[in-house]
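Asker: Fold the following, please.
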Amino acid sequence: ERIDEEKRIAEEARLAEETRKEEEARLAEEARLAEEARIAEEKAILDAKTMTNPAVGVISSYFGPRDLWGYYDYHIGMDIAGSGDIVSVLKGVVIDSRYAGSYGNMVLVDHGIIDGKSVKTRYAHLYSSNVAVGTVLEKGQVLGIMGTTGNSSGVHLHFEVIINDQVVDPITYVNY
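Answerer: Now for the predicted structure:
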């Protein structure tokens with residue numbers, strides 16, 4: 001009987017150790033999965049804040065004061081000379097898409113609230129746009145083609161970043 005009792009105690013100790021190791025492995029796996037989820041969430045948040053370039057090309061006019069054919073002008077955007085597709089720099093909803101005088105064919109996208117600030121972007125002088133008001137755009141989705149409509153001296157994109165309804169220098173948000 002004593003030997004049976006010792007075997008039972010040894011078996012219980014072995015099972016308890018096995019259970020402890022299984023629980024330790026389960027907790028470690030939960031921690032690993034939680035860390036992966038945290039990293040993925042941080043990446044998604046950063047991706048939602050980080051603008052992609054709206055077009056392929058070179059900057060032909062920066063934000064701020066400039067001499068425009070002998071006249072002083074304060075440029076409230078950034079001009080990108082090139083050709084081809086224009087894409088949304090972030091996920092957003094088209095809130096304006098029309099011919100808009102000096103802007104020519106223009107698209108205005110509302111990206112919502114990011115870090116407590118309202119963020120919008122404007123794309124102007126498009127040859128054409130393929131989006132209507134209410135269209136939900138993904139980051140990098142084509143919204144039009146670069147052109148020279150409106151008050152334009154050549155094919156380019158006029159790009160604006162609007163934070164809390166104030167136009168700001170786009171160069172701090174894109175990577176040219």
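
Asker: CA atoms for contacts and neighbours, from now on please.
Answerer: OK.

Asker: For Asp110, give its distance to Ile59.
Answerer: Separation of Asp110 from Ile59 (Cα to Cα, to the nearest Å): 23 Å.

Asker: And these two? Which one has more around it.
Answerer: Between Asp110 and Ile59, counted using other Cα atoms under 10 Å, Asp110 has the larger neighbour count: 20 against 16.

Asker: which residues of this protein fall in strands?
Answerer: Counting by DSSP state E, the chain has strands at residues 57-61, 64-68, 71-75, 78-82, 85-87, 92-99, 105-114, 117-126, 128-129, 136-137, 142-145, 156-163, 166-168.

Asker: who's in contact with Val112?
Answerer: Slight slip there: residue 112 is Gly, not Val. Under the criterion of Cα atoms under 8 Å, 6 or more residues apart in numbering, the neighbours of Gly112 are 92, 118-120.

Asker: one more time with 10 Å, if that's ok
Answerer: Applying Cα atoms under 10 Å, 6 or more residues apart in numbering, one finds that Gly112 lies in contact with 90-93, 118-120.

Asker: distance of Met106 from Gly144?
Answerer: According to Cα to Cα, Met106 and Gly144 sit 9 Å apart.

Asker: which of these two has more neighbours?
Answerer: Taking neighbours as other Cα under 10 Å, Met106 and Gly144 compare with Met106 leading, 26 against 22.

Asker: ok, that one touching Val133?
Answerer: No. Between Met106 and Val133 no contact is recorded; they are 11.4 Å apart, counting by Cα atoms under 10 Å.

Asker: just to revisit the earlier point, closest to Lys21 out of the contacts of Gly112?
Answerer: Lys91 (45.3 Å; Cα to Cα).
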